[in-house]
Each structure stands twice: as structure tokens, then as C-alpha cells.
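*Asks:* Quick one: sequence and predicted model below, then my questions.
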Amino acid sequence: MISPASLLQGYDAAVRRLSGAIPESLLLLFLRVVFGGIFWRSGQTKVADGSWFTLNDNTVELFRTEYAGVPLLPPELAATMANAAEHLLPALLCVGLFTRASAFGLLVMTLVIQVFVYPEAWWPEHSLWTGLALVLVLRGGGLISLDALLVAKTR
């Protein structure tokens with residue numbers, strides 16, 4: 001008969017194996033790509049076909065009308081800034097460079113969207129994006145990242 005103590009020991013051993021640095025780094029890599037992909041795809045809807053930073057005709061109009069709740073910024077500037085953020089920050093996340101800062105930037109963008117543009121979208125979208133961002137802000141990019149390579153080079 002298996003005792004409760006041996007079951008707990010087996011469980012603890014499995015948790016230790018699954019909680020190591022490499023499995024966590026694989027999970028953080030996955031989160032970086034998934035979270036970055038959300039914003040990258042959004043950014044791609046705002047640019048002219050075949051370009052990275054040329055806004056399409058509908059984008060500024062979208063910022064004038066549907067995203068008009070964003071305070072303080074003229075629509076042209078807001079569209080340009082959002083487009084740059086939706087391309088640059090996900091690219092940095094995917095390679096794991098400045099992971100915490102990039103995730104924080106996308107977290108701020110998520111909160112702006114939540115508060116000023118789509119307040120009804122907290123559940124399930126914005127709460128999920130917030131959770132992904134917070135994990136990356138708090139844990140960083142992991143061992144499989146340029147951040148880890150830079151830290152290793154400075155030691």
C-alpha cells in the first residue's frame with residue numbers, strides 16, 4: 001500500500017522537475033511569442049499591404065472615430081504611436097530583449113484600450129492580456145532570451 005507521505009514525496013519530486021529553470025524558460029518563451037503575436041497581428045491590420053510602418057487609409061479614421069476616447073493625443077499621432085508600439089514591442093518580446101520593459105509597454109497599452117476604447121472587453125480579452133503581461137514583467141524573459149545573454153555577458 002502506498003502511504004500518503006510517499007505520494008507527497010513523489011508529487012514534490014515531480015514539481016521540482018517541472019519547476020526548474022529550463023521548463024520555466026520554455027514557458028516564458030511561449031508567453032512572449034503568444035503575447036507579442038496578439039499585438040503584432042493588430043499592428044498588421046493598421047498598415048498598408050507590404051509595408052511595416054505606412055498606415056493604411058482606414059487607420060487614422062479609426063483613431064478619429066472608434067478610438068476617439070483616447071485623451072490628449074491627436075488621432076494621427078495616436079495612430080502612429082500605436083502602430084510603432086504594436087510592431088516594435090512584440091518584436092522585442094519575441095527575441096527576449098528588454099522583455100520586462102516591452103511587456104510593461106504593452107500592459108500600459110492594454111489598460112489604455114480597456115479604459116478609453118473598449119471598457120466592456122475586460123473579460124476575457126484584456127484580463128488575459130494583463131495576466132500575460134504581468135507574468136513577463138515580474139519574471140522576465142527567462143534563460144531563452146537576449147536579456148539572459150546580455151546579463152551573462154556583463155558578469
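*Replies:* Arrived safely, thanks for sending.
*Asks:* all contacts plus neighbour counts: C-alpha atoms, from now on.
*Replies:* OK.
*Asks:* Grab the nearest non-local neighbour of the residue nearest in space to the middle of the chain.
*Replies:* Most central in the chain under C-alpha atoms, centre = their mean is Phe35, positioned 3.7 Å from the mean C-alpha point. In this structure, Phe35 finds its nearest non-sequential neighbour in Leu132, 6.5 Å apart by C-alpha to C-alpha, 6 or more residues apart in numbering.
*Asks:* host element of the one you found?
*Replies:* helix 127-139 (DSSP states H and E).
*Asks:* contact partners of that helix?
*Replies:* Contact partners of helix 127-139, identified using C-alpha atoms under 8 Å, 6 or more residues apart in numbering, comprise 28, 31-32, 35, 99-101, 103-104, 106-107, 110.
*Asks:* so which of those comes closest to Ala85?
*Replies:* Leu106 (7.7 Å; C-alpha to C-alpha).
*Asks:* Count the residues that sit near Leu136.
*Replies:* Residues lying near Leu136 (other C-alpha atoms under 10 Å) number 24.
*Asks:* Check the one 4 residues further on too.
*Replies:* Around Gly140 sit 25 other residues, with neighbours defined as other C-alpha under 10 Å.
*Asks:* Do I have it right that it meets Leu97?
*Replies:* No: Gly140 is beyond contact range of Leu97, at 9.7 Å (criterion: C-alpha atoms under 8 Å).
*Asks:* Give me the buried entries from the contacts of helix 127-139.
*Replies:* Among the contacts of helix 127-139, those scoring as buried are 28, 31-32, 35, 99-101, 103-104, 106-107, 110 (criterion: 16 or more other C-alpha atoms under 10 Å).
*Asks:* buried stuff in the lengthiest helix in the chain?
*Replies:* Identified as the longest helix of the chain according to DSSP state H is helix 21-44. Residues of helix 21-44 classed as buried: 24-25, 28-29, 31-37, 39-40, 43-44 (neighbour count, 16+ other C-alpha under 10 Å).
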